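*Asks:* my questions are about this predicted structure, shown below with the sequence.
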Amino acid sequence: MSMTDVTFEKGLPVNVEAERFLLGSILMDESLFVQVAGTIDSGDFSLEKHRRIFARMNDLYERKEKIDRVALANELMKRSELEACDGLAYLVSLDDGLPRIANIEGYIRIVKDKSLLRRIIFTSQKLIDRCLIGEDVPDEILAGAEESLLKLGESRDRDSLANPRQIISEFQGGLEAFLDPSQRIQGVSTGLVKLDDMTGGLHGGELIILAARPAMGKTALALNMAQHIAAHPKMRKTVAVFSLEMSKESLLTRMICAGARVDQRKFRMGYLNAEERYRLQETAADLADAPLFIDDSAGTSLIDIHGKLRRLKSEHGLALVVIDYLQLMTARGRHENRNQEVSTLSRGLKLMAKELDVPMLVLSQLSRAPETRQGDHRPQLSDLRESGSIEQDADLVCFIFREEVYKPDRDDLRGLAELIVAKQRNGPTGKVKMVFLKECTKFENAATDLGDDAG
């Protein structure tokens, strides 16, 4: 058997027996081709002759012709490839040593895993070569690395299709639990009762956009949710916060004041009474033990966030990621305009949320349209700044609206706020009434929404 491929010359990960048994199994039972082709393509084989054999099998299948040795040999002959595949004798030998009951799923997994390892090596080698040649600036090389790694991650999802029987059998508790709403796995609670009722909580794999005009309270609401998930006695789940605007000390100060319900201005000036100091100490001690992680690195990129989150999840688990905010992020590499760059960022964040199976809460600015709009200043989806792809990629889009900002002379509007659920893939849209305590930058449930499950 000739094994002169570059794969062998360089000692790359291969398993020729698994490849041979995979092809031999199809020749023994052509109905297996559909199962194999759903996960494997010709590029996953290490040997050129195996790639050609599988490609010709695919040609036969597409023409609805029988896949056997004679038809396959004839197909290879028509393309003058039979000799390059070691002739008919090699086709006959493909099932030599094949077990009576072929482990087709095992062969598929082995071939796919070895292929992915080779692709990682090839991708890494290309990056090394670009670094050594030095023709590109580092940011462009990193952008290429981000794109290549995301594509490798997507390639693993080809075999993720499942029929209803598989979905139900893999569901915790089986059919009975699947059909019982009370036993269905719920998302992570935000602390806002009405929002949790509408969304079922925040779910893994979702990209959630929280947008508003400046000074509406985007950061405050995101931190309130993060604090509830990380520090509430019934929750205590890991939260990661990436702040591209504020320092980690400023964020922690805001969270402590919000949790203790202490006026931030009084805190900064030191005008605190004994009770307020006690509440601050209690809240600070509680947060100190909470699984909350804050990163205030400037110029954070997708690949930076991805690497940090993978490590955090492996060590502590992960229930929520907060990014403050999208327009301060930059995508490495060249982009024709800012819209294209933001599109790259939103798509990358959605893929990251899906791969890590964690809700990704991303803050975003709005255009000036709500301020110039006559009458009702409430934000709309069209107000999302710089890219329509934000709306397209997002599973949930929420806007913060406080009418008191536009009508400061109206005392009856003071402290009233709305969270507008403008888009939700898997649920209703609508408004969530909230109360905003401006002095301690804290959003709370409106009195009418409080119930037994408010905690």
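*Replies:* Yep, it's here.
*Asks:* retrieve the pLDDT associated with the residue with the largest distance to the centre of the chain.
*Replies:* No residue in the chain sits farther from the centre than Ala89, which is 48.3 Å out by Cα atoms, centre = their mean. Here, the pLDDT recorded for Ala89 equals 90.
*Asks:* cool, the one 10 residues further on as well?
*Replies:* Model confidence at Pro99, expressed as pLDDT, equals 79.
*Asks:* so which strand or helix has it?
*Replies:* Assigned by DSSP states H and E, Pro99 belongs to neither a helix nor a strand.
*Asks:* give me phi/psi at it?
*Replies:* phi -60, psi 150 (degrees, to the nearest 10).
*Asks:* can you check Ala102 too?
*Replies:* The phi/psi pair for Ala102 (degrees, to the nearest 10) is phi -70, psi 140.
*Asks:* find the nearest non-adjacent residue to the most centrally placed residue in the chain, please.
*Replies:* Nearest residue to the geometric centre of the chain (Cα atoms, centre = their mean): Ala353, 1.6 Å. Closest residue to Ala353 apart from its sequence neighbours, by Cβ to Cβ, 6 or more residues apart in numbering: Met360 at 3.9 Å. C-beta: built from backbone N, CA, C; applies to glycine.
*Asks:* tally up the residues packed near that neighbour, please.
*Replies:* Look at Met360: counted by other Cβ atoms under 10 Å, it has 26 neighbours.
*Asks:* so who does it touch?
*Replies:* 206-208, 321, 323, 349-350, 352-353 (Cβ atoms under 8 Å, 6 or more residues apart in numbering).
*Asks:* same thing but 6 Å
*Replies:* Met360 sits next to 207, 321, 349, 353 when contact means Cβ atoms under 6 Å, 6 or more residues apart in numbering.
*Asks:* I'd guessed the first one sits against Met352; true?
*Replies:* Translated: Leu207. No: counting by Cβ atoms under 6 Å, Leu207 does not reach Met352; the two are 8.7 Å apart.
*Asks:* can you count the residues close to Tyr144?
*Replies:* Tyr isn't right for residue 144; it's Gly. For Gly144, using other Cβ under 10 Å, the count is 17.
*Asks:* mean confidence for the helix or strand harbouring it?
*Replies:* Using DSSP H and E, Gly144 maps to helix 138-155. The average of the pLDDT scores along helix 138-155 is 69.
*Asks:* same deal with stretch 342-355?
*Replies:* Mean predicted lDDT for stretch 342-355 stands at 84.
*Asks:* repeat for stretch 16-34
*Replies:* 89.
*Asks:* that one: which residues count as buried?
*Replies:* 16, 18-27, 30, 32-33 (16 or more other Cβ atoms under 10 Å).
*Asks:* what's the neighbour count on the closest residue to Leu22 other than its chain neighbours?
*Replies:* Nearest non-adjacent residue to Leu22, counting by Cβ to Cβ, 6+ apart: Tyr107, 4.3 Å away. Neighbour count of Tyr107, defined by other Cβ under 10 Å: 24.
*Asks:* in this structure Tyr107 contacts Glu19, no?
*Replies:* No: between Tyr107 and Glu19 there is no contact, the gap being 7.9 Å when judged by Cβ under 6 Å.
*Asks:* helices and strands around the one helix or strand Ala220 maps to, which ones?
*Replies:* According to DSSP H and E, Ala220 maps onto helix 218-231. Contact analysis of helix 218-231 by 3 or more Cβ pairs under 6 Å, 6 or more residues apart in numbering; DSSP states H and E lists strand 239-243, strand 320-324, strand 360-365 as its packing neighbours.
*Asks:* mind listing residues that contact that helix?
*Replies:* Here helix 218-231 has contacts from 188, 190-191, 210, 212, 235, 237, 239, 241, 255, 286-287, 290-292, 319-320, 322, 324, 361, 363, 441, 443, using Cβ under 6 Å, 6+ apart.
*Asks:* flag the shaky bits of the stretch 201-350 of the chain, pLDDT-wise.
*Replies:* 330-338 (pLDDT under 70).
*Asks:* all helices of the stretch 351-455 of the chain, in order?
*Replies:* Ranges of helices in the stretch 351-455 of the chain, per DSSP state H, counting those that start in this stretch, are 369-372, 389-393.
*Asks:* that older thread, check the buried residues of stretch 16-34 and tell me the two furthest apart.
*Replies:* Val16 and Glu30 (22.1 Å; Cβ to Cβ).
*Asks:* and the spatially closest residue to Phe436 that is not a sequence neighbour, how far from Asp411?
*Replies:* Nearest non-adjacent residue to Phe436, counting by Cβ to Cβ, 6+ apart: Ala417, 4.3 Å away. Using Cβ to Cβ, to the nearest Å, Ala417 is found at 15 Å from Asp411.
*Asks:* and the two? which has more neighbours close in?
*Replies:* Neighbour count, other Cβ under 10 Å: between Ala417 and Asp411, Ala417 has more, with 24 against 9.
*Asks:* and stretch 200-220, end to end?
*Replies:* 22 Å (Cα to Cα, to the nearest Å).
*Asks:* how distant is that stretch from the center of its chain?
*Replies:* 15 Å (Cα atoms, centre = their mean, to the nearest Å).
*Asks:* ditto for stretch 254-267
*Replies:* 33 Å.
*Asks:* what about that stretch, start to end distance?
*Replies:* End-to-end distance (Cα to Cα), stretch 254-267: 10 Å.
*Asks:* quick one: buried residues of that stretch?
*Replies:* Here stretch 254-267 shows 254-260, 262-264, 267 as buried, counting by 16+ other Cβ under 10 Å.
*Asks:* ok, now stretch 357-372?
*Replies:* So, applying 16+ other Cβ under 10 Å, buried residues of stretch 357-372: 358-366, 370.
*Asks:* and if you look at stretch 120-133?
*Replies:* 123, 127, 130.
*Asks:* does Phe45 touch Arg52 like I think?
*Replies:* No: counting by Cβ under 6 Å, Phe45 stays clear of Arg52, with 9.0 Å between them.
*Asks:* which one of the buried residues of stretch 16-34 is nearest to Glu282?
*Replies:* Using Cβ to Cβ, the buried residues of stretch 16-34 come closest to Glu282 at Ala18, 60.1 Å.
*Asks:* no further questions, thank you.
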